[in-house]
Structure formats: C-alpha cells, structure tokens
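> Here is my input; please provide its structure:
(one chain, ligands or ions: 1)
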Amino acid sequence: MNVMSRSPNISKSKFLQGLQCPKLIWSSYNAKHLFPEVDDALQAVFDQGHDVGSFAKKMFPDGVEIDTDPTDFEGAIELTRKHIPSRRPIFEATLSANGGYARADILNPVGEGEWDLIEVKSTTSLKDVHIPDLAFQSWVFTKAGIKIRRCFLCHINNKFVRHGEVDPKEFFTLRDVTAQVSAYSGEIEEHLSDMGKTIRAANCPDIQIGKQCDSPYTCALHDHCWSFLPAQNITELYDDKKGRRWDLLKRGVLKIAEIPTDYPLSPKQLIQRKMAQSSIPHVERTKIQTFLKNLEYPLHFLDFETFQTAIPIFDGTKPYEQIPFQFSLHIVHKAGTKPEHREFLADGRNDPRAGFMRQLKSSIEPSGSIVAFNAPFEKSRMKECAELLPEYKSWVSEVNQRVVDLLNPFKAFSFYHPDQCGSASMKLVLPALTGKDYSKLEIQEGGAASREFVRVTFGDVTESERKRVRKALELYCGQDTEGMVWILDALRGVC
Ligand code: SF4
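Numbers count the residues shown, from 1 in each chain. Below is the predicted model of the structure:
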C-alpha cells in the first residue's frame, strides 16, 4: 500500500525534513530502515529540549496537556478539540488540515475566540528555521478553523543569570514573529504539494550530497549518503569557506589527490593535495622549532572538562554556561624527565568551581609554560571562574599569559599528516603523529565526558556505577594531557 494512502498528513518534523532535502523526506516514509538509532549525544539534546519545553509550561499554570500516546494522532486531535471550548492554554495542541498535521507547544487563548501560537525552543536566539516551523503550525491550525492572532517564538533569554529559584518569565524571551510567519505562509501549500509528490514517488530522488546535509541540522542520513566517499576525499578540504568541495564534486572529483593541478586551492589545501599524493607528512621545521623554543620548563600540560545545562543549576550562572568540573595536569619538570600527574574531579552536587580553582592554583607551579590544545577554551574558563571568585583574578591573569596553544602548529599546517583528514583536532592529530588513540578508553570525547559526569553526579545511579564512571573520566582527561606530552615529543622528533 502506498504510504500516502495510509497517512495523508505531513507532520511538522517531516515538513522541515522536506525543506532540508527531498531525499530525506522520501526516505523518512519509504526507507525507514536507513535511519540510525538515536545516539547518546542526540538523545541528550532531545532531553534538554524536553526539559526546557516542560519548564516553559509553568508560565501557564492553568494549562491542560494533550498527553495521549505520541503515535495516537486521532486521539490527540480528538482531545484537543474537546479542550478548545474551555479556553484554557493547551500544551501539545494537535490538529490536522489540508494534508498537514501539527502539534503546537502552547496554544494560548486570547481576546474573543482567538489564540496565540507559542513554539518553545531551547536556543538562546531566533534561527531562520524557526519561521517555517511556526508558519507550518499556524497554517495547519488556521485551516483547521482556529483563529490565530499572533505567533511567538519562546526561546531562552541569553542575558538570564540565575539567582535563587528560576522564574520562567525571566528565563524565557517571547519573540513576536507574526509578520515573518505570515510572509512565509504563502509558500506552505506549494511545499506540501511538492512533498506529497516526492513521498509518493516510486524511487528515491537523486540528490547529491551538499551543504544541506548539515544545515539547518545535521541530517540523520549523513553517514549513509556520504558513505560512497573514498579515503582522503574532497569533503576533507581544510577551511573550505569557498565551498570548493561542492564544486569539485560537481566536476566528478572525489579524491583530494585527484584535484587538477590548475584548480585554485588555498595554501593549506595545496599542502593537503601534495600530501594526499605522496602519503607522507608535511613538516615545516623552522616554524616548529620556533614554537618549541618558546616553551619554558616546567611544562604544564593542562586540560579541562566542563558541563553545561540550558536551565542553570547554580547561582551566578547563565544558560549553557560551561561549568568546569575536572582538570588533568601533566607536569614535565625538566627535559627528559617523566611527567608528574595532578588532577581534580569534582565530587557531589554543589557548584564545583571553588574546589576546582583551589586545586588548580595549588597544582600549577609558579613558573613555566602551560600547554593546552585549543587554549582559548581553558583561558576563558579560568577567566569566568575568576569573575565568580575575584580572589583568583590576579593569579588567572598571570597564568593566562603563560598559556601556549599546542593547536597552533597544526592549525598553521607547520605539521600536516594526511591521516588528519583535514582536521587539526587533537583526536586526529594524536594518532596521525604518534600512532596512539582513544579507542581503548570507555569515554572517548568531551561530550561523552560531560554527559557521564552529569549522569553519575545528578542522576540516580548506584555507588559502584558512579565509581566506575569517575575512573573512566579520570582516564579520559588524563589521556588528553598525556597525549599532549606525546604530541610534543613527536614534534621534537620530526625537527
Ligand atoms: S545526507 Fe544530505 S543528501 Fe542525504 S538525505 Fe540528508 S540532506 Fe539529503
């Protein structure tokens, strides 16, 4: 049976998929097996969105929830229709009309039989994609006979700072986007008609990968659609602001090594092509030697782990503020000596920053370079902590002057190995330069470290699970700083 005859209505999320890419919406109806399971990182984004959405409902204490099973479309519509005459705010109000199906975060009664449509987002600003999102809902609700007065985007107030209990009215900003929504509404009918044809087509639309694969969202089919690309492919071109990768793809060039010699490339991209052809690293010895000469013993290799939440947990913090909860520090006191390891991992549910700064100050020696990979991150966190704890201000200002960024020689392509795949990130530099990697560690990247810390610190877990995860966190952060020691040794080795 054709999918459209089973489910004639296109939901808002499918509509947005259709705007992003016809292949995506076709696959969503006809090739569901291609969609991967939601991973932990994406699930954390969904959970955060859910928390923010629930919090926004507190602004409407007399609201009623359409709490039917998410797959029970008919039930949700029936219950919404039942609640409409009560003229109370309706959460998850659901209606369908003219081939569209929409679920509104908040449908708020106003004036004489009118309603305001409120879409809650966990972003701190209005994004372009929010307009078609709201326009689609407004269009469906209007066609279903609801008089929409105004449309609002309810996003997080980026100026909000927590002081005591969080008041949702201060935490959120309501943006009236009625004019933008009206301007877009005229396009919806045609889009829906085109999407209906796409979905009913027997074959998947032939769509080339492109910018749309990561905009406005990273597409769920990214790995599937991009899997045809060979190693050392043109999507790995460094800092490709001019979009040369897409131009090359149109010309049928897939491998960096096969980019024609007369094709215009940036100096770093030229290095990439040369190295892809020869498979050996590019080394600019003089520049690396200059970088190394500026380092002073004792060398401190420093890395922070942080977590962030949309709704701040601690007083004095903003939405999504990075809260440092862990550091690892390897100190090489003299050339050729074994590094000494010092570390901190916050324990308990209190604000970790005072303990973090106390331990950090007592761990860093009064002289010597402080080496970090992507150092602005560590410098900014220390500055923010000093804002909260002014007793550290002068120390942070002195320490920040000693910070050296180990990312720089790689960002500058003073060293480039084709195995870095066009990236200067430590997770790719380390194996390319030293042959060592994170594959044996339970926690392998910063996002997972944050999620796991939050889970075992604020979640309901057993003591043994908490201990196990804390050990994994120590191993991960420890490898980040020991990895920097290995990278520096390897850089010395190539000079
Ligand atoms: S990965 Fe790109 S080409 Fe493939 S469905 Fe998604 S947006 Fe379309």
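> for the residue in the chain sticking out farthest from the centre, helix, strand, or coil?
The outermost residue of the chain, judged against the average C-alpha position, is Glu112 (42.3 Å), by Cα atoms, centre = their mean. For Glu112, the assignment made with DSSP: H, G, I helix; E, B strand; the rest coil gives coil.
> okay, it: pLDDT?
On pLDDT, Glu112 comes in at 91.
> just the one 3 residues further on next, same as before
Predicted confidence (pLDDT) at Trp115: the value is 98.
> Am I right that it falls within a strand?
Yes - if the criterion is three-state DSSP, then Trp115 is within a strand.
> and the closest residue in space to it that isn't next to it in sequence, how far is that from Lys471?
Of all residues not flanking Trp115 in the chain, Leu107 sits nearest, at 5.2 Å (Cβ to Cβ, 6 or more residues apart in numbering). The C-beta positions use only the backbone N, C-alpha and C, and glycine is treated the same way. Note on Leu107: its distance to Lys471, by Cβ to Cβ, to the nearest Å, is 49 Å.
> just Glu445 next, same as before
17 Å.
> Could you break the chain into its assigned domains?
3-199, 229-280, 287-494 (automatic domain parsing).
> which stretch among those domains comes nearest Asp206?
Asp206 sits nearest to domain 3-199 of all the domains of the chain, at 8.0 Å, using Cβ to Cβ.
> Would you tell me which residues of this structure are close to the ligand?
Contact residues (Cβ under 6 Å from any ligand atom) of the chain with the ligand: Gln20, Cys21, Lys23, Leu24, Ile207, Ile209, Gln212, Cys213, Cys219, Leu221, His222, Cys225.
> ok so, going back, buried ones in the helix or strand where the residue nearest to Trp115 lies?
Element membership of Leu107 [criterion: DSSP states H and E] is strand 100-110. Residues of strand 100-110 classed as buried: Gly100, Tyr101, Ala102, Arg103, Ala104, Asp105, Ile106, Leu107, Asn108, Pro109 (neighbour count, 16 or more other Cβ atoms under 10 Å).
> Let me see the contact set for the residue nearest to Pro418 when sequence neighbours are not counted.
Among residues not flanking Pro418 along the chain, Met275 sits closest, at 4.7 Å (Cβ to Cβ, 6+ apart). Residues near Met275 by Cβ atoms under 8 Å, 6 or more residues apart in numbering: Pro281, His282, Tyr416, His417, Pro418.
> show me the contacts for Asp116.
Leu107, Asn108, Val110, Ile148, Arg149, Arg150, Cys151, Phe152 are the contacts of Asp116 under Cβ under 8 Å, 6+ apart.
> Let me know the closest of the residues you listed to the ligand.
Of all the contacts of Asp116, the ligand sits closest to Cys151, with 27.1 Å by Cβ to the nearest ligand atom.
> backbone phi and psi for that closest one, please?
Dihedral pair for Cys151: phi -120, psi 130, per degrees, to the nearest 10.
> burial of it, as a residue count?
26 (other Cβ atoms under 10 Å).
> List the residues that contact it.
Counting by Cβ under 8 Å, 6+ apart, Cys151 has contacts Asp116, Leu117, Ile118, Glu119, Leu134, Ala135, Gln137, Ser138, Asp176, Val177, Thr178, Val181.
> measure the second one to the ligand for me?
Meaning Leu117. Leu117 sits 28 Å away from the ligand, taking Cβ to the nearest ligand atom, to the nearest Å as the criterion.
> who does that residue bridge with?
As for beta bridges, Leu117 partners with Leu107, Cys151 under DSSP bridges.
> That one and Phe152 touch, don't they?
Yes - Leu117 is within contact range of Phe152, at 7.0 Å (criterion: Cβ atoms under 8 Å).
> Looking at the two, which one has more neighbours?
More crowded of Leu117 and Phe152, by other Cβ under 10 Å: Leu117, with 27 against 22.
> ok, now which ones touch that one?
Ala104, Ile106, Leu107, Asn108, Leu134, Gln137, Ser138, Phe141, Ile148, Arg150, Cys151, Phe152.
> I figured the first one hits Gln137, correct?
Yes - counting by Cβ under 8 Å, Gln137 is a contact partner of Ala104 at 5.2 Å.
> still on that earlier bit, roughly how far does the residue nearest to Pro418 sit from Phe415?
Distance from Met275 to Phe415, by Cβ to Cβ: 11 Å.
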